[in-house]
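Novice: predicted model follows, preceded by the sequence.
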Amino acid sequence: AAASEQADLPLREVKPEDYTFALFPEYKRLKQTEQTLMITGLPNPYFTVHEGLTRDTTRIDGRDLISFASYNYLGMSGDPEVTRASTEAVERFGTSVSASRLVSGNKTIHGELEREIADWVGVEASVVFVGGHSTNETTIGHLVGPGDLILHDALSHNSIIQGALLSGARRRPFEHNDFEALDRALTEVRGQYRRVLVVIEGVYSMDGDFPDLPKFVEIKQRHKCLLMVDEAHSIGTMGATGRGMAEHFGVDPKSVDIWMGTLSKSFGSCGGYIAGCAELVEYLQYTAPGFVYSVGLPPASTAAALASLRVLKAEPQRVARLKERSNQFVREAQAHGLNTGQSCGTPVVPVITGNSLLALKLSHALFEAGINVQPILYPAVEEAAARLRFFITSEHTEQQIHDTVEEVAKQYVAVGGKLLQPAHAPQ
Ligand code: PMP
């Protein structure tokens, strides 16, 4: 059969761009983007080299800058208690678990972490994976397949899209945060698919906005489908004590089928988790490729996440402080006439410049003035939505936030930006 198939195919001449990376059209496109960046005369803003810990400040090229470019929302990376627990775990368990947990077994701290995450989220069980991205990819890729449908928010994170593509299920985005559009889509497809999986996020990392979770839960219950919520940016940051979107809205955590979160942000570590009912977790532990065929979460990361969770439980004031700082940033930025888009008390605050060049120039000017913040350029967002994105942490002081906003407003005008009509008089 192989021979006749080959005979039927028209022969294609093999070209150098098929086997030389430097000639790949995809690689050439990347170089073109780089070239466009170079024409501006500004340094490449990506892969900056940091010489130490990044919390409220970071050291680059021997200079200490106020930093808004890491997800260390609660300052757990660098917290003495978290560092101590992580170091002790390396000494006790080593630097790797050296195989899949299915075959090499669990370390005591794996079970402790999974138990405490489940209790924190308010569901029966949880399982941790080595990466946040791979948590989504393997879970979504594995739970649904051909004959199923995934309905996801149009601004979903890449890991959700990749999981959907991997699954082989049909994929349909609905308009950002638009639960009515989801309701309509579910009505339209009723009875046509085996499983329907709806995927939304807690806090969206580009705009810092969030969905009306109770509405999504009501729709999911009415249409009898599965609901998954990615809490990468909301666990530890939302709700009075940091339990995430269920706490924020007073929703029963068990009314969401699949809670996903990362350990890399509020939990000062690396990896991701899925939390839900015991059957879901057991099924993933025995069958999800990204868990079964991948090494277990390393001791240092497991212990760091566990210690972070315990610090968070003992110090809920970190969550309150984070909210205060974030609200202060938005309030003062708006008073200056900066455009903070949809941001609303979450740790992600965009300052929309409206074009990529302006975002790049502003980020560079702020860098020179001692503030580290990343520009988000086209094609990551639409050109008119180009922005700087500030990640606030509980470790930023009121003074740092105040000084930063003053500097952003000053530099924005200096690089040619136009301020909006101030919302309130500057304080
Ligand atoms: N989901 C969302 C919404 C994210 O923003 C990210 C990354 N920031 C991930 C998943 C992947 O997490 P990680 O970086 O820990 O792999």
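Specialist: Arrived safely.

Novice: is it correct that residue 299 is in contact with residue 98?
Specialist: No. The pair residue 299 / residue 98 is not scored as a contact, 10.5 Å apart, by CB atoms under 8 Å. To be clear about C-beta, it is placed using only N, CA and C from the backbone, and glycine gets the same treatment.

Novice: for the two, indicate the residue with more neighbours.
Specialist: Using other CB atoms under 10 Å, the more surrounded residue of residue 299 and residue 98 is residue 299, with 23 against 10.

Novice: what's the nearest residue to that one if we skip its chain neighbours?
Specialist: residue 93 (3.7 Å; CB to CB, 6 or more residues apart in numbering).

Novice: next, count neighbours for that neighbour.
Specialist: So residue 93, with other CB under 10 Å, has 18 neighbours.

Novice: now residue 237
Specialist: Neighbours of residue 237 using other CB under 10 Å come to 29.

Novice: what's the helix or strand for it?
Specialist: According to DSSP states H and E, residue 237 maps onto no helix or strand at all.

Novice: can you give me the distance of the nearest residue to residue 141 once chain neighbours are set aside to the ligand?
Specialist: Once flanking residues are discounted, residue 141 sits nearest to residue 166: 3.4 Å by CB to CB, 6+ apart. Separation of residue 166 from the ligand (CB to the nearest ligand atom, to the nearest Å): 15 Å.

Novice: i'd like the first residue to be 335 from this point on
Specialist: In the new count, where the first residue is 335, that last one comes out as residue 500.

Novice: for residue 744, phi and psi?
Specialist: Main-chain dihedrals, residue 744, degrees, to the nearest 10: phi -60, psi -50.

Novice: ok, it - contacts?
Specialist: By CB atoms under 8 Å, 6 or more residues apart in numbering, the contact set of residue 744 is empty.

Novice: follow-up on the earlier one: helices or strands next to the helix or strand the residue nearest to residue 475 falls within in the packing?
Specialist: With elements taken from DSSP H and E, the one containing residue 500 is helix 492-501. Packing contacts for helix 492-501, counted by 3 or more CB pairs under 8 Å, 6 or more residues apart in numbering; DSSP states H and E, involve helix 466-477, strand 483-487, strand 504-508, strand 530-535.

Novice: closest to the ligand out of the ones you listed?
Specialist: helix 466-477 (2.3 Å; CB to the nearest ligand atom).

Novice: just how off-centre is that closest one within its chain?
Specialist: Here helix 466-477 is found 14 Å from its chain centre; the criterion is CA atoms, centre = their mean, to the nearest Å.

Novice: how about the helices and strands packed on helix 492-501 in CSV, adding mean pLDDT?
Specialist: Formatted as CSV, the helices and strands packed on helix 492-501 follow (pLDDT from 0 to 100):
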stretch, mean pLDDT
helix 466-477, 98
strand 483-487, 98
strand 504-508, 98
strand 530-535, 98
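
Novice: what sits against the spatially closest residue to residue 574 that is not a sequence neighbour?
Specialist: Nearest-residue entry for residue 574: residue 581, 6.4 Å, with adjacent residues in sequence omitted and distances by CB to CB, 6+ apart. Applying CB under 8 Å, 6+ apart, we find residue 581 in contact with 572-575.

Novice: quick check: pLDDT value at residue 581.
Specialist: Per-residue pLDDT puts residue 581 at 98.

Novice: the closest residue to residue 672 other than its chain neighbours: neighbour count?
Specialist: Nearest residue to residue 672, sequence neighbours excluded (CB to CB, 6+ apart): residue 685, at 5.2 Å. Neighbour count for residue 685, taken as other CB under 10 Å: 29.

Novice: quick one: distance of whichever helix or strand residue 685 is part of to the chain centre.
Specialist: With elements taken from DSSP H and E, the one containing residue 685 is strand 682-686. Relative to its parent chain, strand 682-686 has a centroid offset of 15 Å by CA atoms, centre = their mean.

Novice: for that strand, C-alpha coordinates in CSV please.
Specialist: Output of strand 682-686 as CSV, limited to C-alpha atoms (Å, rounded to 0.1, in the frame of the first residue of the first chain):
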residue,chain,number,x,y,z
VAL,A,682,-2.9,43.3,36.2
VAL,A,683,-3.1,46.9,35.2
PRO,A,684,-2.6,47.9,31.5
VAL,A,685,-1.7,51.4,30.4
ILE,A,686,-2.9,51.5,26.9
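
Novice: run the contact check for it versus the ligand.
Specialist: No. Using CB under 6 Å from any ligand atom, strand 682-686 stays clear of the ligand, with a minimum separation of 9.6 Å.
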